[in-house]
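Asker: Got a sequence here, can you build the structure:
(2 chains)
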Amino acid sequence: MDAIASLLTLLKLQRGDTGVIARIDGHGPVKQRLAEMGFTKGATVGLAHTAPFGNPRTYLVRGYRISLRNEDADKVILESYAGVPGSGRDA
Amino acid sequence: MDVKVSASSITKTVTVALLGNPNIGKATLFQQLSGGHHQDVRFPGADVRMEVGIVHHAGMRMRVVDLPGIYSLSSTTPDEIICRDFIMLDKPDVVINVLDAGNLERNLFLTTQLIEMGVPRVYALNMSDEAHMRGMRFDMEALSMKLGGPIIETVARFRRGVEEMLDAVVDTIESARKYHNVAIAYDDHLEEAIEGVQQLVKELHPETMSAGHARWLAIKALEGDKVVLRRESDHESLVTAIEDKCQDIVRMHGDDAAVLLADGRYGYITGLMQQTVEMTGALRHVNITDMVDNLLLHRVFGLPLFLGALWLMFQATFTVGQYPMAWLDTGVVWLGDTLTAILPAGLTRDLIVDGIIGGVGGILIFLPNIMILFLFIAFFETTGYMARAAFLMDQVMHSIGLHGKAFIPLIMGFGCNVPAIMATRAIESRRDRLLCILIAPFMSCSARLPVYVLFAGVFFADWAGTVVFGMHVAGVAVALGAALMLRTVLFRGEGDAFVMELPPYRLPTIRSLIMHMWDKAVHFLRKIAGVVFVGSIIIWFLQAFPRDVELSRNYVAERAAVVATVAAPEAQQAAITQLKNAEARELQKERYLGQIGIAVQPVFDSLGFNWQTTISLMTGMVAKEIVVSTFGVLYNVGGDVDAGNDSLRAALAGAMPPLTALAFMVFTLLYMPCLATIAAIRREAGTWGWAAFSIVLSLALAWLMALFVIMVGGLFA
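Answerer: Coordinates of the predicted model:
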């Protein structure tokens, strides 16, 4: 995790945060599926729910809810995000 | 439905396909169109059976085909391939693209791909009432122009807009008006690549191919769907050229062509939405889905609530189903008694009363239980809770190497394994899918339910509902254990990603739930009228013949002796009953069925199964409903022997100890899939080898687990 700590990914989102997608890392079918489901450059994503064991999580994108595993969510790189006021992460 | 055929018009038959994302009310629309009457039709192009409903509208006879719900036509899942092949090869006259008005952005992704296929299309902007509530307004004329086809606002669950939609279908076919071509423009470099490939495709097919079709093929090829190209031509040069183009693109943009195409499509959609959809925000929208999810997806309470829901389902199946079951049981017993009284004694009466009424009636009484179970499953599915269950369980599933989406087919397996195995088509990777197909039969289907309801009622009456629930949990445990085993031995390596939509919660209409239950009831009754009926007759014959057998004792003489020597009426009666029982037992053993059972029984020696149990397991291989039917036929024979005890329950109670009954339930749960399931495995897995593997695996596991029950139970006895 430390090696990519500087990268802002979907995984960094806390409940109520939203972020804008910069790109998706990697290649292949997962990436294509994510793009087809609306995770494309410029799209706004928010975190909705986290499963009992912390994985997977549900995100809001293009007005609907979709769940991803953390290892896939970590490939979605954000260019900016807006935190919830008071959460201490809205820097 | 709506028969508007006038005498003068000539009926023309057309094929109309329903295409759309999952969870957008497409099934409800199909139900409205077909009126609940549909048939399975095999289409040559797509090479699968699909549900077809017939609609008569404005002098036209429409065969409406319900295609599987998909998000994309990129052909990465079996469902996507089915849809692509159907549209491409079976060439429906019109494709109705059903859209969720409230979730238009993502729904239109599939539409952009459909537009590029260049088929005549009509759009149903479904659930428009929900969208209006959220303050959305649609410029229908502009949408129709941009999407290249008529678009109608519909609310399928209330049949709103359905007639107008059918009018639009008729109009599109009759006017033969060319749907105007819509071109979705991509980014310059991508356009260059598309044109390059398009040119190559056209060169290989001079004159025969339209520019639109060539463009579609080029886009499909760049998206990575090589099958389409191969079907068109075997030209190696083309495939190489496309691969070169794709590499070019990756080098330029750092992204796959498929991803860039998706970017382009969403770019087009965003523009289109800005021009055609207005958010007035007039109504204050309370998001019910979020509120419900806060509870049902709660990190602490989510899983217990889900398990509680499952427990409630099986508890209701047993306790609520008990009452109608008792009424049916009374009816069946009454019918048997009445016929016994009316018909002259003899083989014909035995065949009707013991064979047909005993066998068919023995299983018929479980109809209420099965309908309640299917009601719950349909409710979980249509409300959107099933996807939540998959979400909650994914981590557990993932840890044993299963795909989270595999959870949905597994829960559906509680109803019937056949649709469960078909539902695995939503899983992308072949390996994950095969694994799910192989473990699905361990999910206890509704055909096994009568065995538990019967045995739990007889042997564990105090906790019957919990035992029924426990059997289903045991099925899940074995399925998961088998998955873990297969994953380490056969299907090694990383699984697929888990990308799953959580649809908004929606309440199903009572009508659709009732229609669903009715559908399942008809299916069950057909099975009873067919395979169970024939099976019961065969079983009866095998246990009634040969007629002349030599008995070890002269029972007639012994009975006469009792009458002569025992004076007290009660003692005399008891002695005679005992003799009659002994005679019946010996007779049964000498018949064909007894001979077969006794020959095979040693296999089950260590499990403590008697030959009657052995026989019912053997006949149950055809369909598990027959297990109970066989008991019905076998123990009904003792009907006039054990005076006053013609109920199967009473007869069973003395037949085996509770521990053996439990082992028998476990064996029934796990041992080989029924014939219909074996056929489904063969169809979906592709080879007989996997079907055979499934049979061997399940027989071995059933035997081992039943032995485990006997051994562990023995420690406490």
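Asker: now the strands for the chain?
Answerer: With no chain named, the answer covers chain A. A:18-24, A:44-50, A:57-61, A:64-68, A:76-82 (DSSP state E).
Asker: oops, I was thinking of chain B
Answerer: B:12-20, B:38-43, B:48-57, B:60-66, B:94-100, B:121-126, B:136-138, B:151-153, B:277-279, B:499-502.
Asker: of those, which approaches chain A most closely?
Answerer: strand B:499-502 (4.2 Å; Cβ to the nearest Cβ). (Glycine included, C-beta is placed from N, CA and C.)
Asker: Need the residues that contact that closest one.
Answerer: Here strand B:499-502 makes contact (Cβ atoms under 8 Å, 6 or more residues apart in numbering or on different chains) with A:30, A:33-34, A:37, A:58, A:64-68, A:72, B:22-23, B:71, B:293, B:384, B:387-388, B:390-391, B:404-405.
Asker: one step back: mind putting the strands of chain A into TSV with distance to chain B and mean pLDDT?
Answerer: Putting those into TSV (distance: least, Cβ to the nearest Cβ, whole Å; pLDDT from 0 to 100) gives the following:
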stretch	distance to chain B	mean pLDDT
strand A:18-24	7	92
strand A:44-50	5	93
strand A:57-61	6	95
strand A:64-68	4	94
strand A:76-82	11	85
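Asker: Can you say which of the ones you listed is packed in most?
Answerer: Of all the strands of chain A, strand A:64-68 carries the top mean neighbour count, a mean of 24, counting by mean count of other Cβ atoms under 10 Å in any protein chain shown.
Asker: roughly how far out does it sit from the chain middle?
Answerer: For strand A:64-68, the gap between its own C-alpha mean and the chain's C-alpha mean amounts to 10 Å (Cα atoms, centre = their mean, to the nearest Å).
Asker: now the angle from that strand to strand A:44-50?
Answerer: Counting by axes from the mean of the first three to the mean of the last three Cα atoms, to 10 degrees, strand A:64-68 lies at 70 degrees to strand A:44-50.
Asker: Strand A:64-68 to strand B:94-100, inter-axis angle?
Answerer: With the same axes, to 10 degrees applied, the angle from strand A:64-68 to strand B:94-100 works out at 90 degrees.
Asker: who does strand A:64-68 pair up with?
Answerer: Looking at strand A:64-68 with DSSP bridges, its partner strands are strand A:57-61 (antiparallel), strand B:499-502 (antiparallel).
Asker: Contact partners for the residue of chain A found nearest chain B?
Answerer: At 3.6 Å from chain B, residue A:35 is the closest residue in chain A, using Cβ to the nearest Cβ. By Cβ under 8 Å, 6+ apart, the residues touching residue A:35 are A:24, B:258-259, B:262-263.
Asker: Give me the buried entries from those residues.
Answerer: Using 16 or more other Cβ atoms under 10 Å in any protein chain shown as the burial test, the contacts of residue A:35 include A:24, B:258-259, B:262-263 as buried.
Asker: now stretch B:698-717, how far from the chain's geometric center?
Answerer: 30 Å.
Asker: Any regions of the stretch 401-550 of chain B where pLDDT drops low?
Answerer: B:493-495 (pLDDT under 70).
Asker: how does it look with 90?
Answerer: Along the stretch 401-550 of chain B, the parts satisfying pLDDT under 90 run over B:401-433, B:445-447, B:449-450, B:453-454, B:457-458, B:461-466, B:468-469, B:487-499, B:506-550.
Asker: got the residues of it near chain A?
Answerer: Contact residues, the stretch 401-550 of chain B versus chain A (Cβ under 8 Å from any Cβ of the partner chain): B:404, B:428, B:496-504.
Asker: which of these has the most neighbours?
Answerer: residue B:404 (29 neighbours; other Cβ atoms under 10 Å in any protein chain shown).
Asker: With the flanking residues excluded, which residue is spatially nearest to that one?
Answerer: residue B:394 (3.3 Å; Cβ to Cβ, 6 or more residues apart in numbering or on different chains).
Asker: cool, residue B:186 as well?
Answerer: Nearest residue to residue B:186, sequence neighbours excluded (Cβ to Cβ, 6+ apart): residue B:264, at 3.9 Å.
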